[in-house]
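**Q** below are the sequence and a predicted model; questions follow.
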Amino acid sequence: MTVSGKTAIVTGSNSGIGLGVARELARAGANVVLNSFTDREEDHALAADVAKEFGVEARYIQADMSKGVECRALITKAGGCDILVNNAGIQHVAPIDEFPVDKWDAIIAINMNSVFHTTAAALPEMRVRGWGRVINIASAHGLTASPYKAAYVAAKHGVVGMSKTVALETAEEPITCNAICPGYVLTPLVEAQIPDTMEKYGMEREEVIKKVMLERQPSREFATVEQLGGTVVFLASDAAAQITGTTISVDGGWTAL
Ligand code: NAD
């Protein structure tokens, strides 16, 4: 079995890592479903561009990953799912005693609960087809912590734990479940953290990038969305058939420290 011809659903894929992952899956021949909570012309145009560039089927399906019903509806509307990439995620940075409750709830819902809902909806379909891959985009923060990121760290540790459980529940089937743990990847999500971090540390942009953000990334290089996409394609391949219930770090050595 190869990735070619498979149907891959990538949540939160109208920008950043999700779009990079969808593009690499399409490059490998998969038909892809892009997703986010918006329903704009440019969202659908992204899918059309992917279809044209890689000669695969590509669709954009709107669904809000903060809502369990919509997470499940995404899988149903896609009409099939061989490869599920749970990527949608948001971030908010604040000390725990000042952490806004609505931000906490949104991060837990989008970054963690959505993984429960989409996986629960996709697994029966994978079982019918006799093959499946669940690939969760967790984070180095699924394995380690940083101050001011309580909700994100909790959600990502939750995703790593959930990935292990799903792997055990599917261990005797041709289905695997793993989590990828990126360090810093320069995407809109990371870009949005730069102004706050500059203010918190009283530093200029380049100083914040090298000394604060990449301080824990020994390579001092951001990972790229193409590298994340390549890791997803590998986990979806036959070579990874016995890799399940584990994490793959793409973090320039962060978790080796
Ligand atoms: P991004 O902001 O570029 O992308 C996030 C995606 O999620 C977007 O497509 C956005 O539209 C979508 N999204 C947000 N809320 C949604 C909702 N309610 N419903 C559906 N889609 C929604 O950020 P990114 O950096 O590409 O992050 C992607 C994933 O990678 C996240 O889970 C993030 O935690 C994880 N991650 C990112 C980094 C990094 O350095 N960028 C590091 C580790 C992990």
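**A** Structure's in. What do you need?

**Q** ignoring the adjacent residues along the chain, who's closest to A120?
**A** R72 (7.3 Å; Cβ to Cβ, 6 or more residues apart in numbering). From N, CA and C alone the C-beta is placed, and that goes for glycine too.

**Q** next: S114.
**A** The shortest distance from S114 to any residue other than its chain neighbours is 4.0 Å, reached at M65 (Cβ to Cβ, 6+ apart).

**Q** contacting residues for that neighbour?
**A** M65 makes contacts with 11-12, 35, 37, 71, 88, 109-110, 114, 118, as judged by Cβ atoms under 8 Å, 6 or more residues apart in numbering.

**Q** kindly report the same for M162.
**A** M162 makes contacts with 112, 115-116, 119, 136, as judged by Cβ under 8 Å, 6+ apart.

**Q** thought the residue nearest to A120 was touching A121?
**A** Yes. Assessed by Cβ atoms under 8 Å, R72 is found in contact with A121 at 4.2 Å.

**Q** picking up where we left off before, for the residue nearest to S114, pull up the helix or strand it's in.
**A** Per DSSP states H and E, M65 falls between elements, in no helix or strand.

**Q** ok, it to the ligand distance?
**A** As judged by Cβ to the nearest ligand atom, to the nearest Å, M65 and the ligand stand 3 Å apart.

**Q** how much space is there between that residue and T118?
**A** M65 is 8 Å from T118, where distance means Cβ to Cβ, to the nearest Å.

**Q** can you list residues touching both of the two?
**A** 11, 71.

**Q** burial measure for the closest residue to the ligand within the stretch 51-200 of the chain, as a count.
**A** Residue of the stretch 51-200 of the chain nearest the ligand, by Cβ to the nearest ligand atom: G89 (2.2 Å). The number of residues packed near G89 is 25, by other Cβ atoms under 10 Å.

**Q** same deal with W254?
**A** Applying other Cβ under 10 Å, I find that W254 has 24 neighbouring residues.

**Q** just V101 next, same as before
**A** Here the number of neighbours of V101 (other Cβ under 10 Å) works out to 8.

**Q** what about stretch 248-257, average pLDDT?
**A** Mean per-residue pLDDT for stretch 248-257: 96.

**Q** and it, C-alpha only, in CSV?
**A** What follows is stretch 248-257, C-alpha atoms only, in CSV (Å, rounded to 0.1, in the frame of the first residue of the first chain):
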residue,chain,number,x,y,z
ILE,A,248,8.6,11.6,16.2
SER,A,249,10.3,14.9,17.2
VAL,A,250,11.1,17.4,14.4
ASP,A,251,12.6,19.9,16.8
GLY,A,252,16.3,20.5,15.9
GLY,A,253,17.4,18.7,19.1
TRP,A,254,15.0,20.5,21.6
THR,A,255,14.0,17.3,23.4
ALA,A,256,17.6,16.0,23.5
LEU,A,257,18.6,18.7,26.0
